[in-house]
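1. here you go, sequence then predicted model.
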Amino acid sequence: MESKFNLCPRCKGTRIIDMGDTIECPDCRLEFEKADIEALESDQIFAISEKLDFIRSIKNNKNKM
């Protein structure tokens with residue numbers, strides 16, 4: 001069985017860099033948490049930068065109220 005961590009969930013690239021708890025894809029320049037890859041389908045996985053952007057947008061919208 002091929003490891004889920006050898007394939008980028010976003011671009012399906014195979015040049016993956018194992019960073020311990022995360023993997024990085026140099027093709028699409030995104031980093032993903034291994035826990036997300038184990039628990040979710042690939043179309044449901046957000047990159048770490050996307051999660052941070054989402055949280056920042058919620059925080060900024062809350063401050064505007």
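-> Sure thing, it's come through. Numbers count the residues shown, from 1 in each chain.

2. pLDDT weak spots in the chain?
-> Under the criterion pLDDT under 70, the flagged ranges of the chain are 1-2, 65.

3. and the longest helix for it?
-> helix 48-64 (DSSP state H).

4. and that one, how far out from the chain middle?
-> Chain-centre distance of helix 48-64: 16 Å, with Cα atoms, centre = their mean, to the nearest Å.

5. repeat for stretch 21-38
-> With Cα atoms, centre = their mean, you get 5 Å for stretch 21-38.

6. show me what counts as buried in it.
-> Within stretch 21-38, the residues that count as buried by 16 or more other Cβ atoms under 10 Å are Thr22, Ile23, Glu24, Cys25, Leu30, Phe32, Glu33, Asp36, Ile37. Heads up, the C-betas are built off the backbone N, CA and C, glycines and all.

7. ends of it, how far apart?
-> 11 Å (Cα to Cα, to the nearest Å).

8. and what of stretch 23-35?
-> Note: stretch 23-35 ends 10 Å apart using Cα to Cα.

9. list the contacts of that stretch.
-> When contacts are defined by Cβ atoms under 8 Å, 6 or more residues apart in numbering, stretch 23-35 is touched by residues 5, 8-11, 13, 15-17, 19, 21-22, 37, 45, 47-50.

10. now the buried members of those residues.
-> Of the contacts of stretch 23-35, these count as buried by 16+ other Cβ under 10 Å: Cys8, Pro9, Arg10, Ile16, Thr22, Ile37, Ile45, Ala47.

11. so which of the residues you listed are in helices?
-> Short answer: the buried ones among the contacts of stretch 23-35 in helices (DSSP H) are Ile37.

12. the buried residues of stretch 21-38 into TSV, with extra columns for distance to Phe54?
-> Output for those, formatted as TSV (distance: Cβ to Cβ, whole Å):
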residue	distance to Phe54
Thr22	17
Ile23	20
Glu24	19
Cys25	19
Leu30	14
Phe32	15
Glu33	14
Asp36	14
Ile37	18
